[in-house]
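[1] sequence and computational prediction follow.
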Amino acid sequence: MMNDHHDEIDSVSGRSTTGHEWDGIKELNTPLPRWWVITFYLTIVWAIGYWIVYPAWPLISSNTTGLFGYSIRADVAVELAKLEKIRGAKMVALGAASLAEIEKDPGLLALARAKGKTVFGDNCAPCHGSGGAGAKGYPNLNDDDWLWGGTLDQIMQTIQFGARSGNAKTHEGQMLAFGKDGVLKPDEIVTVANYVRSLSELPTRKNYDGAKGEKIFAENCVGCHGDGGKGNQELGAPNLTDKIWLYGSDEAILIETISQGRAGVMPAWEGRLDPATIKAMAVYVHSLGGGK
Amino acid sequence: MNKTVNPNELTSDDDLAPLYAARKTVYPQSVSGAFRRIKWGLMAFCLAVYYFLPFVRWNRGLGAPSQAVLIDLPNSRFYFFFIELWPQEVYYFTGLLIVAAVALFLMNSVGGRIWCGYLCPQTVWSDLFYAVERLIEGDRRERMKKDASSDPMKLERISEIVLKHSIWLMIAWWTGGAWVLYFNDAPTLVKQFVTFQAPMIAYIWIGILTATTYVLAGCMREQVCTYMCPWPRIQAALTDEWALNVAYRYDRGEKRTSVKKAAELRALGEHAGDCVDCYQCVAVCPTGIDIRNGPQLECIQCGLCIDACDNVMTKIGRPKRLIGYDNDINIQRRQDGKAPIYRIVRARTIAYSAIIAAVGGIMLYVLATRSLLDLNVLHDRNPVAVRLSDGSIRNAYTVRLLNKSGYDRVIAIDADGPVNATIHIVGVDSVTPDRPMIVIPRDSTSELRLLVTAPADSNPEKSIPVRFHVTDIGLGEIATTTDNFVAP
């Protein structure tokens, strides 16, 4: 406790001094209020009690656990289990329903969309953008142009197994590097690039030979892109006659595509996400607006 | 209190009086009279409303709560008889608070602290607690004697004190108990209380309100008004010289003399004050002040000193209302031999009344014309626009439909914007493809994904306004909002 008994007593106030003096001015001893001091000591006692009953001291490889055995991690586990209990039944219903049933049931649709949106944000947004708007090389999922098909089942399949992902059931097929591999000469590539532009009514070079372009296309491209360049979803070969371009429709970009080839990868999500979650994501993507 | 001290007389700094003044216990004496009757009446009314309102029923149909006044926090609804408010309509409470504040100002400029003296919960409950105290321990003199007694406590005295505090706690418990009934179905909750199955949160709130009622009305009483409440400070700025306040008419009362001496003086034709210095006004005062010292911060203007003084004046055969609702102007006028004038209607009261009428009128109008069907539209941010394979442009919107009525509605959605645009709701195959129809369940919101597609040849500008309508097919009720249609 405070020692407020000093020898010297200030004659004016009648109170003791601390003994400190500056230029003849002495400091009065003004102790802290007793209740304050008692509270202070109580907090120390409380703190020691806290060390004993709660985890407090770090040890070499762990820490003291305390008599109460309290753990924040255990609390989180309990909360997560509670959450799982609430969600469980709904997610089971989602897993049991077929994709078409989910889209027909407003409750399941809302659940799938909500769940799908969250999972999309966590897993798909880095490439496809937070709203599925896509980027160069990463398809926009809001439009009605689908490389591997836009029905619910096709979308589901693409999410499950990916494209060129290495998964056993993955979508296969790629744009060959016609220039790099020496299949086409540079001037042929320019010609066929202009032919591809003409398919979707884009302007072409002045001296461009349409007949030659058509011939090169027929010999090299129709195998995947089909007659007239309508594309083939079995092989992920895009429709070259529409207004949507995954990498761009400029002549220079088309020349790059034809010369170097393209083989973008969509990872397989089966095994990384549970089936109900993949289902929710498929419904979400399908409901963005472009689904067939 | 601080007393003035000559600095030269100071021998130490302890001579300065402390800022803290110990409380003087107030022992208000019981009194009867007109104002006491008004106060009993208002107390009975206010407490009856508070305690029994939750039990009033109001039929809203199956599935909806049948409690007339209910704050349903889990479902975020407020029910008040025929009104049902949603959280986004909280501005009705803002309006109500404005009306309440200005009504307080109006009361103040007409008759002083009417709120404090008659209606404030602190006054009502303190008054009730005083009544209990008097019933058990006796009136002013008895209680003063008992408290001052230095004899060791007898069993009788101890049992009195225990009984008083028990009854106080019981009242306090019921005060908290009634409070929680406003947040849940009252009869169900009462049943749960009886069987000790009510939710923990209800017990916690009852505990909190039991404590506040017991402490504020039982232990702190007039100190709440004097030290804690901001209203005495604010009201001083809202009053003027015409406002009527409980006042001692010193023109009549001074100079104070005994009954006998006054009669002698009057026989000689001289002026004698009516105040006989009986201290009845002080004895009955619940804040322990002397009204004859003029207007004071502590005075809650409950009017009990008027009753006390009137009783004395009647006994000594002098006119009543030596203490009454008056102001300094009239006291001055009477001293000058002029007739008093009362100005209830003046610029200040007209202005306050006009504000109350205006805000109240606007609220009533808004309430009477409020739509029970509403929609909010949120444009997709990423991507704002999508070009489809045939060159057409699509914008997606999240539409939230609100059906505030007590029945399911069938509604049709239209969008007026780009020429020849088509609309589609995700997950809805409507029989009318150009005008999707859906059902919104009663008292709920529905969130939809709406796609608006403009054909490739429409060439919309960068951004054009689009107007969304929802139409109740049965009633023809329409709600409208606008957003933009954006080209990529």
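    That came through, no problem. Numbers count the residues shown, from 1 in each chain, chains lettered A, B, ... in the order given.
[2] residue of the stretch 201-350 of chain B with the smallest distance to chain A?
    B:Ile201 (18.0 Å; Cβ to the nearest Cβ). Backbone N, C-alpha and C define where each C-beta goes, glycine included.
[3] helix, strand, or coil at that residue?
    Classification of B:Ile201 using DSSP: H, G, I helix; E, B strand; the rest coil returns helix.
[4] report how many residues lie close to it.
    Neighbour count for B:Ile201, taken as other Cβ atoms under 10 Å in any protein chain shown: 11.
[5] remind me what the longest helix along chain A packs against, helices and strands.
    The longest helix of chain A (DSSP state H) is helix A:72-96. Helix A:72-96 sits against helix A:106-123, helix A:275-287, with contacts defined as 3 or more Cβ pairs under 8 Å, 6 or more residues apart in numbering or on different chains; DSSP states H and E.
[6] report the buried residues of the shortest one.
    Of all the residues in helix A:275-287, those buried under the rule 16 or more other Cβ atoms under 10 Å in any protein chain shown are A:276-287.
[7] between those residues, which is nearest chain B?
    Using Cβ to the nearest Cβ, the buried residues of helix A:275-287 come closest to chain B at A:Ser287, 4.5 Å.
[8] OK, contacts around the closest residue to the closest one other than its chain neighbours?
    Nearest-residue entry for A:Ser287: B:Val426, 4.5 Å, with adjacent residues in sequence omitted and distances by Cβ to Cβ, 6 or more residues apart in numbering or on different chains. B:Val426 sits next to A:109, A:287, A:289, B:448-451 when contact means Cβ atoms under 8 Å, 6 or more residues apart in numbering or on different chains.
[9] swap in 7 Å and give it another go.
    A:287, B:449, B:451 (Cβ atoms under 7 Å, 6 or more residues apart in numbering or on different chains).
[10] wait, doesn't B:Gln29 sit right on B:Cys281?
    No. The criterion here is Cβ atoms under 7 Å, and B:Gln29 misses it with B:Cys281 at 10.2 Å.
[11] more crowded one of these two?
    B:Cys281 (24 against 18).
[12] right, and the helix or strand after the helix or strand containing the more buried one?
    Secondary structure from DSSP states H and E places B:Cys281 in helix B:280-284. The helix or strand immediately downstream of helix B:280-284 is helix B:304-315, counting by DSSP H and E.
[13] give the helix, strand or coil label for B:Leu448.
    At B:Leu448 the chain is in strand, as set by three-state DSSP.
[14] confidence score at it?
    Looking at B:Leu448, its pLDDT reads 88.
[15] list the contacts of B:Leu96.
    B:Leu96 neighbours (Cβ under 7 Å, 6+ apart): none.
[16] my error: substitute B:Asn382 in the last question.
    Taking Cβ under 7 Å, 6+ apart, one finds A:129-131, A:133 in contact with B:Asn382.
[17] how close does A:Tyr138 get to chain B?
    Per Cβ to the nearest Cβ, to the nearest Å, A:Tyr138 is found 13 Å from chain B.
[18] wait, isn't that residue in contact with A:His128?
    Yes. Assessed by Cβ under 7 Å, A:Tyr138 is found in contact with A:His128 at 5.5 Å.
[19] can you pull the poorly scored residue ranges out of the stretch 351-488 of chain B?
    The model of the stretch 351-488 of chain B has no residue with pLDDT under 70.
[20] near chain B, which residues of the stretch 101-250 of chain A show up?
    By Cβ under 7 Å from any Cβ of the partner chain, the residues of the stretch 101-250 of chain A that approach chain B are A:103, A:106, A:109, A:129-131, A:133, A:140, A:142-145, A:239, A:242-244.
[21] would you mind naming what in chain B lies close to chain A?
    So far as Cβ under 7 Å from any Cβ goes, chain B lies against chain A at B:12-13, B:380-383, B:386-391, B:394, B:396, B:426-427, B:449, B:451.
[22] apply 10 Å and report the result again.
    B:10-14, B:380-392, B:394-396, B:424, B:426-429, B:438-439, B:446-453, B:456 (Cβ under 10 Å from any Cβ of the partner chain).
[23] for ChimeraX, write the select line for the buried members of the residues you listed.
    Of these, the buried ones can be selected in ChimeraX as follows, counting by 16+ other Cβ under 10 Å:
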select /B:380,383,384,385,386,387,388,389,392,394,395,396,424,426,427,428,438,446,448,449,450,451,452,453
